[in-house]
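> model the following, please.
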Amino acid sequence: MWMWICVAIIAAALVVHAWLGRRVWRAVRELTGEIQALGTTTASLGMELSSVGTRPVPAVVAPRHGMNLDIQA
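Numbering: from 1, shown residues only. All right, here's what the predicted structure looks like:
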């Protein structure tokens, strides 16, 4: 009689262990995905912030009609 109670307790513990293990594994995968997304966002933000305070790059302007290009060069 006691043997069947022990077997039932062990079986229930294994079921709970498997169920909680799946939930924990899913949460860890989601957390890993969030960490990777945060790393990508941080890298993008770092690139944006690195350009703050630098001089703007002058845009290339097409020559207008009638300009003396040899004087400009």
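> residue ranges of the helices in this protein, please?
2-50, 69-72 (DSSP state H).
> could you tell me the least trusted of those?
With a mean of 57, helix 69-72 has the lowest mean pLDDT of those.
> how close does A12 get to G46?
51 Å (CB to CB, to the nearest Å). Quick note: C-beta positions are derived from backbone N, CA and C, even for glycine.
> revised request: answer the last question for H17.
42 Å.
> number of nearby residues for G39?
10 (other CB atoms under 10 Å).
> can you check H17 too?
H17, neighbours per other CB under 10 Å, totals 10.
> can you check S51 too?
Neighbours of S51 (other CB under 10 Å): 9.
> likewise T42?
10.
> what's the answer for V28, then?
10.
> one more: the one 4 residues further on?
T32 is flanked by 10 other residues according to other CB under 10 Å.
> kindly report the same for V7.
Neighbours around V7, by other CB under 10 Å: 10.
> what distance do you get for it to A27?
In terms of CB to CB, V7 sits 31 Å off from A27.
> then T40?
21 Å.
> highest mean neighbour count out of the helices of the chain?
Across the helices of the chain, averaging neighbours per residue (mean count of other CB atoms under 10 Å) puts helix 2-50 on top, at a mean of 10.
> that's all I had, so thanks and see you.
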